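Novice: only the shape, not the letters, is given here:
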């Protein structure tokens, strides 16, 4: 982490921690807002979301329906956890899990050549492609960093 | 670790309950009958029947078949098979009585846009349970129809 205007020592360490803390909180709130936005989009049309889930061709209609029903509220809850910091350690773990799932499912769709819409953060019909995969990889990496940083700060008793 | 697992389970369970409640009252909720249809696994010959694009075109020329377009109404307005009727996927699953079959048992051909459409197969299975007529889905979908140069019309 870069030092700004300090030669090192204790002051440098404090600035380092402050920048890291700032980034942690910005990312935490950013992810929270993104998840809440995504949940609202999907809660607006559960039926269309079930079609998007089915298009990934991983689950049958039954499980797709269950995912379409349960996943958006889960996103909403995790988003609220990230913003309010209530049960933050668990929220960060769930965020990491969710971004892992997004990444895996996007990668498998791309490998199989499925011409489908991502449905990752909205129902707009953004197609699966390398850009989407790169986006999900970035989110995965950032959520992993958040999780590892948060683990040290917000350990459960 | 046990505490983490308990918290995760609480959050997952809360999400599921909240989701079920929202889905129950949402006007565009996911209908239960969608879960009851089994369209995975190997096809059963009586459950769904594809018809080739060429055969479908022959039926179109002879005005023998009824074409049902299960895409959204917006997509239907852009273009569709001439003479087709719009029956969006949402509509048929929320209200299976939306289609009552044909009077003189004309064959019915269901089509969606993609080459392989689970939605078209699901609609065929649903309609076959409620109707005794001949119901098919268009192999290759509307995209295959267009790529072979068969006609399409727009709705004003």
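Specialist: Arrived safely. None of these values were measured; they are calculated from a predicted model.
Novice: which SS state does the nearest residue to residue A:144 once chain neighbours are set aside fall under?
Specialist: The shortest distance from residue A:144 to any non-neighbouring residue, by Cβ to Cβ, 6 or more residues apart in numbering or on different chains, is to residue A:96 (5.9 Å). No exception for glycine: its C-beta is placed from N, CA and C like everyone else's. Using DSSP: H, G, I helix; E, B strand; the rest coil, the secondary structure recorded for residue A:96 is helix.
Novice: hang on, residue A:96 packs against residue A:145?
Specialist: No: taking contacts as Cβ atoms under 8 Å, residue A:96 lies outside contact range of residue A:145: 9.6 Å.
Novice: those two - which one has more neighbours?
Specialist: Between residue A:96 and residue A:145, residue A:96 has the larger neighbour count (other Cβ atoms under 10 Å in any protein chain shown), namely 19 against 15.
Novice: now do the contacts for that one.
Specialist: Neighbouring residues of residue A:96 by Cβ atoms under 8 Å, 6 or more residues apart in numbering or on different chains: A:140, A:143-144, A:146-147.
Novice: what's the neighbour count on the nearest residue to residue B:85 once chain neighbours are set aside?
Specialist: Closest residue to residue B:85 apart from its sequence neighbours, by Cβ to Cβ, 6+ apart: residue B:68 at 5.6 Å. Residues near residue B:68, counting by other Cβ under 10 Å, number 24.
Novice: next, residue B:68: secondary structure please.
Specialist: Taking three-state DSSP, the label given to residue B:68 is strand.
Novice: and the helix or strand in which residue B:76 is found, anywhere near chain A?
Specialist: Residue B:76 belongs to helix B:73-78 when assigned by DSSP states H and E. No: applying Cβ under 8 Å from any Cβ of the partner chain, one finds helix B:73-78 separated from chain A by no less than 11.7 Å.
Novice: so what does that helix touch, helix or strand wise?
Specialist: Using 3 or more Cβ pairs under 8 Å, 6 or more residues apart in numbering or on different chains; DSSP states H and E as the contact test, no helix or strand touches helix B:73-78.
Novice: may I see the buried residues of it?
Specialist: Using 16 or more other Cβ atoms under 10 Å in any protein chain shown as the test for burial, helix B:73-78 gives B:75-76.
Novice: neighbouring contacts of it?
Specialist: By Cβ under 8 Å, 6+ apart, helix B:73-78 touches B:69, B:84, B:86, B:88, B:113, B:154-155.
Novice: for the residue of chain A found nearest chain B, which non-adjacent residue is closest in space?
Specialist: For chain A, the residue positioned closest to chain B under Cβ to the nearest Cβ is residue A:74, at a distance of 3.5 Å. Using Cβ to Cβ, 6+ apart and skipping the chain neighbours, the partner closest in space to residue A:74 is residue B:15 (3.5 Å).
Novice: need the pLDDT of residue 121.
Specialist: Using chain A. At residue A:121, the pLDDT value in this model is 69.
Novice: my question was about chain B
Specialist: Residue B:121 is given a pLDDT of 76.
Novice: test my guess that residue A:146 contacts residue A:31.
Specialist: Yes: if you go by Cβ under 8 Å, residue A:146 and residue A:31 touch, sitting 7.1 Å apart.
Novice: the closest residue to chain A within chain B: which element?
Specialist: Nearest residue of chain B to chain A (Cβ to the nearest Cβ) works out as residue B:15 at 3.5 Å. Using DSSP H and E, the element containing residue B:15 is helix B:2-25.
Novice: pLDDT on that helix, on average?
Specialist: On average, helix B:2-25 scores 89.
Novice: then stretch A:78-97?
Specialist: Here the average pLDDT along stretch A:78-97 is 93.
Novice: which stretch of helix or strand covers the residue nearest in space to the middle of chain A?
Specialist: Centroid check for chain A by Cα atoms, centre = their mean gives residue A:99 as the closest residue, at 4.5 Å. Using DSSP H and E, residue A:99 sits within helix A:88-111.
Novice: run the angle between that helix and helix B:2-25 for me.
Specialist: Relative orientation of helix A:88-111 versus helix B:2-25 (axes from the mean of the first three to the mean of the last three Cα atoms, to 10 degrees): 60 degrees.
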